[in-house]
Structures are given as C-alpha cells and as structure tokens.
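> coords please:
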Amino acid sequence: MGSTGTGKSRLSIDPATHFLGEIINSDKIQVYKGLESVTNKITHAKKQGVRHYLQGEIEPDSDFTVEDFCLKSIVYIENFLKTQCVPIIVGGSNSYIEKLVEDPRFMFNYKYDNCFIWIEVEQSVLNRRVDTRVDEWSMQMQITPKKSDGPLISQKWPDI
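Here you go, the predicted model:
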C-alpha cells in the first residue's frame, strides 16, 4: 500500500517471483480497461511473467464497487491457495483492502495470515518520478502529422 507513484507495483514483483506469488491489483482506477498511461499500470515487460489480476479487467462504463473487489479477490485468493501460490494484494486504494480485511463477511483476517507493507517516499523523489512520467507520456502522445494534400494547421494556445 502507499501513495501514487511510490513504486508499489515494481516492488511487488520480487516477493511474487521469490514466493511463487500472483498479484491482485487493488487500485480503483487500474481495474478498468484502457487506462494504462493515465494510471501508470505496470508494463507487461516489468511484470516479469508474474500474473496480475483485477488490472484492466473491468469495462470502463461498469460500476465496480468495493464489494465487487472483495468478492472477486476472495475467488482469486482461494484459487491461488489451491495451486500453492501466494496472493499478493498491491495498490493504493486502501478502502478496497480495508473492506476485504476487516469486513466479517469475507473472514479474511480469520482465514489468512497477513503482512502489510506501506511504502512512503519523500516528496522530492515523487516529484522526480512525476516529471519522468510526464516526459514519457509526452513522448507516447506525440502526434506525427500524416502526409496530406491540405495545409498543416497549427494552433497556438492562449496564455493562461
């Protein structure tokens, strides 16, 4: 758990590879399909073969609730344990994790041993990471004009 941009996803790969783990995403925005750049979802290459669940699975027009997260997570966890995989829940949406762990309907605290890791990063480090991410987004979003018969139109945005 931790704030946006602290490296939770990247950090989760080490224990997942070491302990034969599979990852359940608990970020409220990353559960939706098609928001990779906006949410800084971990790339396929950086996953290093570790399976991720509830990451880009839900249609954007769906109303995915905390209860939906808990119900899906419990199913995944039970399946992981049957195959002797370690469930690792990673994300910054603490309300998802809190509901899963503390709601007696899910019996999470009674059925499983838990270990929580909170990542805290100094603001200056976060600022550098944000700057890097913005630069990467800019490179990804650059639009190269297609060759056309018409003139290229450019627009200057007014100063705000």
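> got a list of what Glu67 touches?
For Glu67, the contacting residues are Lys99, by Cβ atoms under 8 Å, 6 or more residues apart in numbering. Every C-beta, even on glycine, is put in place using the N, C-alpha and C of the backbone.
> all numbers from here: first residue = 778
Happy to do that; since the first residue is 778 now, the last one works out to Glu844.
> for it, give its distance to Ile851.
Taking Cβ to Cβ, to the nearest Å as the measure, Glu844 and Ile851 are separated by 11 Å.
> Ile806 now?
22 Å.
> Cys892 now?
18 Å.
> same drill for these two, tell me which one is more crowded.
Ile851 (17 against 6; other Cβ atoms under 10 Å).
> ok, for that one, nearest residue in space, not its chain neighbours?
Among residues not flanking Ile851 along the chain, Phe883 sits closest, at 5.9 Å (Cβ to Cβ, 6 or more residues apart in numbering).
> tally of neighbours for the one you found?
Using other Cβ under 10 Å: Phe883 sits among 18 other residues.
> again with Ile865
Counted with other Cβ under 10 Å, Ile865 comes out at 19.
> would you confirm that it contacts Asn802?
No - counting by Cβ atoms under 8 Å, Ile865 stays clear of Asn802, with 10.1 Å between them.
> okay, and the residue nearest to Ile851 sits in which element?
Assigned by DSSP states H and E, Phe883 belongs to no helix or strand.
> and it, what's its pLDDT?
Model confidence at Phe883, given as pLDDT, is 80.
> pull up the gap between it and Glu855, please.
On the measure of Cβ to Cβ, Phe883 and Glu855 end up 11 Å apart.
> and Val863, by the same measure?
13 Å.
> these two: which is more packed in?
Counted by other Cβ under 10 Å, Val863 and Glu855 do not tie: Val863 has more neighbours, with 15 against 11.
> nearest residue to the more buried one other than its sequence neighbours?
Spatially, and ignoring its direct neighbours in sequence, Val863 is nearest to Gly798 (4.0 Å; Cβ to Cβ, 6+ apart).
> what's the burial count for that neighbour?
Residues near Gly798, counting by other Cβ under 10 Å: 20.
> surely it touches Ile865?
Yes - judged on Cβ under 8 Å, Gly798 makes contact with Ile865 at a distance of 4.5 Å.
> now the common contact residues for these two.
789, 792.
> where do the strands sit along the chain?
Ranges of strands in the chain, per DSSP state E, are 798-802, 829-830, 863-867.
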